[in-house]
Structure formats: structure tokens, C-alpha cells
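In: The sequence isn't on hand, but the structure is:
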């Protein structure tokens, strides 16, 4: 046991030590602030910068952002705020000349009604993330007169509709990722060429988008968003809800996913669609909606489909056999290429391929492989198949090829790997 005098001695030494530490701590803090100010004031060529702020320490955000954009010459700037939404006045940048900023990404940062500032008017790429107020979308697009790429992501704002009506817009690509909008109206975007929408199923309506040629829809319906508020039953959608007044397209990418099928099998006019890519098709879903979509696209030249074999197993019964007699009613006379990823030689998969072969007299190339699908980083909304080579036994390969080719007089080139 320590004596009382020892305790007092230890306490006295601690107080003497702290008396020496306090001025040193103050000196260290002073030098830290001086180093930060010197770092900010120093000129350096930086083309791309991602600034992430943690916690509540956002006191110097104005100084940091202004220095990065106006003094360092940053062309591509991302500002990520974790935890709390802060504000930044973009008009501060108008005090500087020749600001080279071209791309701006804001997450949990709310600009202070300054979308009419000169710097923003020169932006060509803009991304609004969590914490952004979506009620000023039209104002943003009207003032960002040079904007070409616009993206909205991870918005927690729930609203019934999001409308784009900007007849003077030069936007070529529009992307909406994981937002809570009931319906999106593309009312007037005369230069729009590519539209991408990811997240829960969102109804779409197309207006004056004469240059739109590429659409990619990646919808996931889970147990948390599949209940209809009025009926209390599982919510389903006819494909027409996503293609209302859609203009002629060159390519369409569809990823409809979920534990239960939520697509209703209705015919949707395909118009002049030339390339169709349907990916992550659950094996337990009815493929009738795919066949109806093919039948409504008479100009289709290339069809890629990817089967998700990791989903729940398909139930008993073979849909393709029951529809085999109806295969000739809808023909894709221009279809030349068929690619099926995730092909494992199952009976319903073979029947599905045979049905497409029967309705496609001009088919020249059939590629069946086991693989997965990934985003194509070189092109917005595009996907690429990453093959995964499967070791087919010769007997198994022969059986699958015999099943595919039985009864055909003229055969396309079939690659099974």
C-alpha cells in the first residue's frame, strides 16, 4: 500500500509535468494551424482532388474548397461530407478569374442558392449526392449552360415525381442512382443521348428527347419496397410503365431483379431497337415477358441475355415447351447474334435458345457460355460479359448440341464453352 505522502508526491510531479506540457501543446497547435494555412496558400498543379470531411470538423470548409478550386487549378473536384450536411457558397469562386473547374461532385454538401454563378455555368459534369435538395434541379440545369453529364445519386428525399424540362439543356447523359422518386419525367432534354436509372423500380415517361438512343435500367425490388400501399399485395409492373412514349432506341439494357417476379408479361412496342441486353435474369422467373419483348422488336439485330444461376431454383414445369407452338407467330427476321451467359445446358435453357432460333431465320451466330456481367467503365450504362470457361464433358456437350440443333435444316454457328 502506498503511503499518503507518496500519493501527494505523485500528484505534485504530475502537475509539474502538465505545467510543462500545456505550453508545448499550445505551440504544437499553433504550428499545425500555420502549416495548414501554408499548405492551403501554396500553389500546386492538381487536376483531380477528392476531399472527404469527417465528423463535425467543417469549420474550414470554405477555405479548403475555395483554395482547391480557385488557387490549385483543380479540374475534377469531389467533396464528401460524412455524417452532417453542410453548406458552401459557390459564389465565392466568382472572385477569381480563369477557374478551370469542369467536374463537380457534392455529397452531403448543400450549395447556397448559387447556381447562377459564373463558375457553375462553365461546368460540364455535375454529380449531386446525399443531402442535395432536389427541388432546384430545373434551376441547376438552366444555369449550368455547358453541362453535358448530370448524375443524381443516393438521394434520401422521397418525392412522387422528378421532372426534367429544360429546352435549352445540352445534357447528353443523365444518370439517376438509388433515389426515392416515384416517377421520372424526361419532358424536354433535346440533346440527351444516354439515360441510366438504378435502384428500386421507377416509372418513366419520355417527352421531347429526340436524340435518346441508349437506355439502361437496373431495378431491384426487395421485400422492403414490393408492397402496394393501396391493395397491400405484392407490387407488379407492366413493362409499359418504363417505356411510356419512348423514342426509337439503338440499344436497351435491362436488369430486373428480385426474389419474386414483379414484371407482368405484356407486349411493349420495341420500335427500331437494334440491340437488347437483359442481364441477371433470376432462374425462377417466367421468361414469357422476355419473349414478348423480343416479339415487339422486329428490327432487333443483337440479343444478349445473362441468367443469374445464384437465384432461387426454377420450379417444376417447362415454359418453353408450352410456348413452342407459338414460336413462329412473332419473328425476329433481322436478328443475327444471340449470346446467352450463364448457360448450363438445363432443359428450359435449351428450350429457350431453340425458341429464339426458330423465330430468327437470319440468325448467324449463337454463343453459349458460363460467365458473369460487369459494368463497362468505358461507356455509361453499358455492360460486358466476363466469360468463365466451363469444362464440358464430350458426351455432355454432344447431348446439348443435339438437343439444340434437332429439327433445324439451316443452322447458325453455335459456340458452346
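Out: Nice, thanks for sending it over. On a predicted model such as this, the values are computed, not experimentally measured, just so you know.
In: Which parts of the stretch 51-200 of the chain are strands?
Out: Per DSSP state E, counting those that start in this stretch, the stretch 51-200 of the chain carries strands over the ranges 76-81, 86-88, 103-107, 109-111, 125-128, 149-153, 158-165, 173-177, 180-188, 194-199.
In: Of these, which is nearest residue 304?
Out: strand 194-199 (17.2 Å; CB to CB). Quick note: C-beta positions are derived from backbone N, CA and C, even for glycine.
In: Buried ones in stretch 211-219, by neighbour count?
Out: Neighbour-count burial for stretch 211-219, counted by 16 or more other CB atoms under 10 Å, picks out 212-219.
In: Between which two of these is the distance greatest?
Out: Across the buried residues of stretch 211-219, the longest distance by CB to CB is 20.6 Å; it joins 213 and 219.
In: about what we covered before: let's have the strands of the stretch 51-200 of the chain in TSV, adding mean pLDDT, mean neighbour count and distance to residue 12.
Out: Shown next, in TSV, are the strands of the stretch 51-200 of the chain (pLDDT from 0 to 100; neighbours: other CB atoms under 10 Å; distance: least, CB to CB, whole Å):
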stretch	mean pLDDT	mean neighbour count	distance to residue 12
strand 76-81	89	19	46
strand 86-88	79	17	46
strand 103-107	90	20	52
strand 109-111	77	20	50
strand 125-128	92	21	59
strand 149-153	94	20	59
strand 158-165	88	15	62
strand 173-177	95	19	62
strand 180-188	93	18	62
strand 194-199	95	21	64
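In: will you turn these into CSV that also has distance to residue 15?
Out: Shown next, in CSV, are those (distance: least, CB to CB, whole Å):
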stretch, distance to residue 15
strand 76-81, 41
strand 86-88, 40
strand 103-107, 47
strand 109-111, 45
strand 125-128, 54
strand 149-153, 54
strand 158-165, 57
strand 173-177, 57
strand 180-188, 57
strand 194-199, 60
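In: Out of the ones you listed, the one nearest residue 35 is which?
Out: Closest to residue 35 of the strands of the stretch 51-200 of the chain is strand 76-81 (CB to CB; 21.9 Å).
In: Show me what the closest one packs onto, helices and strands only.
Out: In this structure, strand 76-81 packs against strand 48-53, strand 103-107, with contacts taken as 3 or more CB pairs under 8 Å, 6 or more residues apart in numbering; DSSP states H and E.
In: That strand pairs with which strands, parallel or anti?
Out: With DSSP bridges as the test, strand 76-81 is paired with strand 48-53 (parallel), strand 103-107 (parallel).
In: Would you format the ones you listed as a markdown table with distance to residue 18 included?
Out: As requested, the strands paired with strand 76-81 are arranged in a markdown table below (distance: least, CB to CB, whole Å):
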| stretch | distance to residue 18 |
| --- | --- |
| strand 48-53 | 32 |
| strand 103-107 | 41 |
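In: Residue 161 is nearest to which of those?
Out: Nearest to residue 161, of all the strands paired with strand 76-81, is strand 103-107, at 22.8 Å by CB to CB.
In: Identify the residues contacting that closest one?
Out: With contact meaning CB atoms under 8 Å, 6 or more residues apart in numbering, strand 103-107 is reached by 75-81, 120, 123-132, 149, 154.
In: residue contacts, the spatially closest residue to residue 285 that is not a sequence neighbour?
Out: Spatial nearest neighbour of residue 285, chain neighbours left out: residue 261 (4.5 Å); criterion: CB to CB, 6 or more residues apart in numbering. If you count contacts by CB under 8 Å, 6+ apart, residue 261 has them with 236, 282, 284-286.
In: May I see the PyMOL selection of the buried members of these?
Out: Restricted to buried positions by 16+ other CB under 10 Å, the PyMOL selection for these reads:
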select buried, resi 282+285
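In: In helices, which of the contacts of residue 261 appear?
Out: Judged by DSSP state H, the subset of the contacts of residue 261 located in helices is empty.
In: for the contacts of residue 261, which one is nearest residue 395?
Out: Distance to residue 395, by CB to CB, is smallest for residue 284 among these, at 28.6 Å.
In: per-residue confidence for the closest one?
Out: We have a pLDDT of 82 for residue 284.
In: now swap in the one 5 residues further on and tell me
Out: pLDDT for residue 289: 85.
In: Equivalent analysis for the one 3 residues further on, please.
Out: At residue 292, the model reports a pLDDT of 84.
In: again, but for residue 68
Out: As predicted, residue 68 sits at a pLDDT of 81.
In: what about it, neighbour count?
Out: Residues lying near residue 68 (other CB atoms under 10 Å) number 19.
In: Point to the helix or strand of this structure where mean pLDDT is at its lowest.
Out: helix 319-322 (a mean of 46; mean pLDDT, DSSP states H and E).
In: Sort out for me which of the contacts of residue 261 are in strands.
Out: Using DSSP state E, the members of the contacts of residue 261 that fall within strands are residue 282.
In: in the stretch 301-417 of the chain, which spans are strands?
Out: Using DSSP E, counting those that start in this stretch, the strands found in the stretch 301-417 of the chain span residues 302-308, 337-341, 365-369, 371-375, 383-387, 413-416.
In: Name the surrounding residues that touch the second one.
Out: This points to strand 337-341. By CB under 8 Å, 6+ apart, strand 337-341 touches 279, 301-307, 349, 352-353, 356-357, 360, 363-373, 385, 387, 412.
In: gap between residue 12 and residue 19?
Out: Distance of residue 12 to residue 19, computed by CB to CB, to the nearest Å: 11 Å.
In: again, but for residue 87
Out: Separation of residue 87 from residue 19 (CB to CB): 42 Å.
In: likewise residue 346?
Out: Taking CB to CB, one finds residue 346 at 80 Å from residue 19.
In: One more: residue 7?
Out: Taking CB to CB as the measure, residue 7 falls 19 Å from residue 19.
In: what does residue 105 give?
Out: As judged by CB to CB, residue 105 and residue 19 stand 48 Å apart.
In: go on, residue 102?
Out: 54 Å.
In: So which of those two has more stuff around it?
Out: residue 102 (17 against 9).
In: so that one sits right up against residue 123, yeah?
Out: Yes - counting by CB atoms under 8 Å, residue 123 is a contact partner of residue 102 at 6.6 Å.
In: wait, what's in contact with the closest residue to residue 123 other than its chain neighbours?
Out: With sequence-adjacent residues excluded and distances taken as CB to CB, 6+ apart, residue 123 is closest to residue 144, at 5.2 Å. By CB under 8 Å, 6+ apart, residue 144 lies in contact with 115, 120-121, 123, 126.
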